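1. whatever this is, show me its structure:
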Amino acid sequence: MNFGQIMQSANEGNPVSRLLGLRIVELDASRSVGVLTATENLLNPYGYLHGGVIYTLADTATGVLSRTSGKKNVTLEGNLNFLKGVPGGETIRAVAGKLHEGKKTGVYTVQISNEKEEVVAAGIFTMFFIEN
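-> Numbers count the residues shown, from 1 in each chain. Now for the predicted structure:
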């Protein structure tokens, strides 16, 4: 698959991404960028974007980047530190980068920023490569 096909699969072929309004907007061999808007149905009871939605954006951005290896993958482990709340209506941006890509696993970083370019969450994800 080429980068465009991987992005199309992530955006159109992933029911969770469609449900959340999550979009991968940039992808190359070294990074992926995903965006998501904190719509009313994605907020927690306090009016902020639900942490699980932020985690899903991070997981998706890193997972899509790991697909550039040419291998299918699943998340083996993900760690995300929440640093700042995201109020309703804001759009956040996740940028994932590669740390390591081996035969069986890949390790990826992710940083999520708000519209003011403040980091709201950061983490590291390990993907397990499934034999094709």
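2. low-confidence ranges in this structure?
-> 132 (pLDDT under 70).
3. for the closest residue in space to residue 38 that isn't next to it in sequence, name its beta-bridge partners.
-> Excluding its sequence neighbours, the residue lying closest to residue 38 (C-beta to C-beta, 6 or more residues apart in numbering) is residue 49, at 4.0 Å. The C-beta positions use only the backbone N, C-alpha and C, and glycine is treated the same way. Note on residue 49: beta-bridge partners residue 43, judged by DSSP bridges.
4. now do residue 49 against residue 79, distance only.
-> The gap separating residue 49 from residue 79 is 19 Å, by C-beta to C-beta, to the nearest Å.
5. compare those two (neighbour count), which wins?
-> More crowded of residue 49 and residue 79, by other C-beta atoms under 10 Å: residue 49, with 25 against 12.
6. was I right to think the more buried one contacts residue 88?
-> Yes: with contact defined as C-beta atoms under 8 Å, residue 49 reaches residue 88; the gap is 7.3 Å.
7. next, show the common contact partners of those two.
-> Residues touching both residue 49 and residue 88 (C-beta atoms under 8 Å, 6 or more residues apart in numbering): 38, 43.
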